[in-house]
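Colleague: Let me see the structure of the following:
(one chain, ligands or ions: 1)
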Amino acid sequence: MLQRRLLAFLALFLLVLVACNNNQTAATEQEIPTLNNLIPKPVQVKADTGFFTLNDSTFITVPVGDTALLQIARYIITVLKPATGFKLKIDTNPKPSNSITLALVNDSSLNNEGYELKVSNSGITINAFQPAGLFYGVQTIRQLLPAAIGKDSLVITNWQMATGAIRDYPEYAMRGAMLDVARHFFDVDAVKRYIDFLAYYKMNTLHLHLSDDQGWRIEIKKWPRLTEYGSTTQVGGGQGGFYTQEQYKDIVTYAANRFITVIPEIDMPGHTNAALASYPELNCNEKDKSPKLYTGIEVGFSTLCTQNEKVYQFVDDVLKELAAITPGPYLHIGGDESHATKKEDYIPFMNRVQTMVKKQGKQVIGWDEIANATLQPGTLAQYWADSANSKNAVKKGAKIIMSPAARSYMDMQYDSTSKLGLHWAGYIEVDKAYSWNPATLVDSIERNNIVGVIAPLWSETIVTMNDIEYMVFPRLPGYAEIAWSPASGRSWEEYKNRLGNHGRQMKAKHINYYPSKLVDWKQ
Ligand code: TNX
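Modeller: Predicted structure coming up:
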């Protein structure tokens, strides 16, 4: 009996030894980021000379009974745990020292997303007018800790932060990225990783391109063949895939917990081959014939039959189901590159579909071609290629989302040696991606016409998460800064140093970024 126990004890001891060896890096000295190295660059920074050290006894304090703040406190614990191993505790009593204090303050000049962060030798406070601001203050803390905080396994080090004060709020209300899950399908975990990237750079919008010629990616219960058949392939002929409504809701909730709104896009009347292949009655063809599923990368050849009442029933059903699982205010109806739709058919179609979106209590977003239609009050036009369309949209009272292909398409190649991506809108090196101002890019589209910036990643050539990372990084941090930080304080010459230092953060998170030669990367 005793022998057995001794053996069990020995086995356990050995196991612990092995585990320690595997997981723990030896104690290392880590570079402590300064307050002047943040991306996006804060509005106001006062750096100080001291240090705060985070440790296992640091408390997070929140006011009694505030569930939103409690959730942010829990989020802090989740993001700091893997690298530090700390099991930080939450308390509702203020602490004299060694705490991260979250509080809402009655300072509306911070706007709904701004925050004030103070780091002193004895602790951290984040104040905000709304919870979103506290969340962004937390992102700032993550960047102020040594880069190793981004690792997913234990690192033994001094978790020090430089002291100082930051007052910060965004320039634009909408800041985000698009992911095309139609040309190639990406599973829920990939989308969540993408969401985490956005959150880290204080972005608040995920635009999901859910349908295109090559695949239909969202379950619609009334029209089951859209996914049973229409989702079963992708560019190049792979197996494709789709999100069940439960999975989509899971994505939406994951995003919402990170203060990110999901904008679902169903592209129509063009870019609809997958739907047309699934349901013959959506086609104009006399005998209601469906085309085959499509796995190429041409655009502009498909159209819903705009003369056919069945099509409107279909669109209404789709928008209704989508609205029911989308808490955000927008439904995106595409409208781009409908070259196979006659203009006299396109306009009444887009007009009617807009009223269907309104009926669901949602605001319409369309690509810039939507300016050809009558625009409902509150409609947003997404500028991607045609400045005449976008100006027209402004004249019709719409606000603009800036997604200029030549600057913000993350599927554009960096240069002629890039293996992934396209280059129809030109090459977009990291400096070109960064060096533009949404408010001056297109004459007569001014600051007050613009709601924000969304950088799209189309996925004709993008197959894996590694591919996504290579195209998105390091351009995404720049788009986040363009949307968050005042243009007056931005320059490539200054930014490229911060981006170089940021190499450490990307490396710690195992991000497969493009190591542009224009930047001096710190490892
Ligand atoms: C244009 S941008 C498209 C997409 C393609 C993309 C490739 C837009 C509204 N339409 O269908 O995927 O170019 O860069």
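Colleague: Using the record, which stretches count as separate domains in this structure?
Modeller: 21-168, 174-508 (automatic domain parsing).
Colleague: Go through stretch 419-438 and flag the buried ones.
Modeller: 420-421, 425, 428-436, 438 (16 or more other Cβ atoms under 10 Å). C-beta coordinates here come from the backbone N, C-alpha and C atoms, glycine included.
Colleague: how about it, does it get close to the ligand?
Modeller: Yes: counting by Cβ under 6 Å from any ligand atom, the ligand is contacted by stretch 419-438 at residue 422.
Colleague: What mean pLDDT does that stretch get?
Modeller: If you average the pLDDT over stretch 419-438, you get 98.
Colleague: ditto for stretch 368-376
Modeller: Rounded mean pLDDT across stretch 368-376 is 97.
Colleague: quick one: buried residues of it?
Modeller: 368-373, 375-376.
Colleague: just how off-centre is stretch 35-47 within its chain?
Modeller: 22 Å (Cα atoms, centre = their mean, to the nearest Å).
Colleague: show me the contacts for the most centrally placed residue in the chain.
Modeller: Centroid check for the chain by Cα atoms, centre = their mean gives residue 198 as the closest residue, at 3.9 Å. Contact partners of residue 198, counting by Cβ atoms under 8 Å, 6 or more residues apart in numbering, are 176-177, 204-206, 258, 260, 476, 480.
Colleague: Now for these: which two are most distant?
Modeller: 258 and 476 (15.0 Å; Cβ to Cβ).
Colleague: These two - which one has more neighbours?
Modeller: residue 476 (25 against 20; other Cβ atoms under 10 Å).
Colleague: which residues touch that one?
Modeller: 177, 197-198, 201, 410, 455.
Colleague: May I see those residues arranged in JSON lines, with pLDDT, secondary structure and distance to residue 295 as well?
Modeller: Formatted as JSON lines, the contacts of residue 476 follow (pLDDT from 0 to 100; DSSP: H, G, I helix; E, B strand; the rest coil; distance: Cβ to Cβ, whole Å):
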{"residue": "177", "pLDDT": "99", "secondary structure": "strand", "distance to residue 295": "25"}
{"residue": "197", "pLDDT": "98", "secondary structure": "helix", "distance to residue 295": "28"}
{"residue": "198", "pLDDT": "98", "secondary structure": "helix", "distance to residue 295": "29"}
{"residue": "201", "pLDDT": "98", "secondary structure": "coil", "distance to residue 295": "34"}
{"residue": "410", "pLDDT": "98", "secondary structure": "coil", "distance to residue 295": "22"}
{"residue": "455", "pLDDT": "99", "secondary structure": "strand", "distance to residue 295": "26"}
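Colleague: of those, closest to the ligand?
Modeller: Checking the contacts of residue 476 against the ligand with Cβ to the nearest ligand atom, the nearest one is residue 410 at 9.4 Å.
Colleague: measure the residue lying closest to that closest one once chain neighbours are set aside to residue 194 for me?
Modeller: Nearest residue to residue 410, sequence neighbours excluded (Cβ to Cβ, 6 or more residues apart in numbering): residue 457, at 4.3 Å. Noted for residue 457: a distance of 9 Å to residue 194, by Cβ to Cβ, to the nearest Å.
Colleague: In helices only, show me the buried residues of stretch 368-376.
Modeller: Taking DSSP state H as the definition of helices, those contribute nothing to them.
Colleague: Can you lay out the residues you listed as CSV showing distance to residue 489?
Modeller: Shown next, in CSV, are these (distance: Cβ to Cβ, whole Å):
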residue, distance to residue 489
368, 29
369, 35
370, 34
371, 33
372, 38
373, 38
375, 34
376, 36
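Colleague: one step back: quick one: which of the contacts of residue 198 sit in helices?
Modeller: 476, 480.
Colleague: Tabulate the contacts of residue 198 (TSV), appending distance to residue 227.
Modeller: Below are those laid out as TSV (distance: Cβ to Cβ, whole Å):
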residue	distance to residue 227
176	26
177	24
204	29
205	25
206	21
258	27
260	24
476	30
480	33
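Colleague: What is the nearest of the contacts of residue 198 to residue 45?
Modeller: Checking those one by one against residue 45 (Cβ to Cβ), the nearest turns out to be residue 480, at 16.9 Å.
Colleague: For the closest one, which non-adjacent residue is spatially closest?
Modeller: Residue 480 sits nearest to residue 201 (Cβ to Cβ, 6+ apart), 3.4 Å away.
Colleague: ok, that neighbour - contacts?
Modeller: By Cβ under 8 Å, 6+ apart, the neighbours of residue 201 are 39-40, 139, 476-477, 480-481, 484.
Colleague: quick check, residue 116 in a strand?
Modeller: Yes: assessed with DSSP: H, G, I helix; E, B strand; the rest coil, residue 116 lies in a strand.
Colleague: who does the closest residue to it other than its chain neighbours bridge with?
Modeller: Closest residue to residue 116 apart from its sequence neighbours, by Cβ to Cβ, 6+ apart: residue 127 at 4.6 Å. Per DSSP bridges, the residues bridged to residue 127 are residue 103, residue 116.
Colleague: Any figure for the gap between residue 127 and residue 103?
Modeller: 5 Å.
Colleague: Looking at these two, which one has more neighbours?
Modeller: residue 127 (20 against 16).
Colleague: Report the set of residues contacting both of residue 127 and residue 103.
Modeller: By Cβ under 8 Å, 6+ apart, no residue touches both residue 127 and residue 103.
Colleague: Number of residues surrounding the residue of the stretch 301-450 of the chain found nearest the ligand?
Modeller: Nearest to the ligand in the stretch 301-450 of the chain, going by Cβ to the nearest ligand atom, is residue 336, at a distance of 3.4 Å. Neighbouring residues of residue 336 were enumerated by other Cβ under 10 Å; the total is 22.
Colleague: so what pLDDT did it get?
Modeller: 96.
Colleague: give me the beta-bridge partners of the nearest residue in space to it that is not next to it in sequence?
Modeller: In this structure, residue 336 finds its nearest non-sequential neighbour in residue 367, 3.6 Å apart by Cβ to Cβ, 6+ apart. Beta-bridge partners of residue 367, counted by DSSP bridges, are residue 382.
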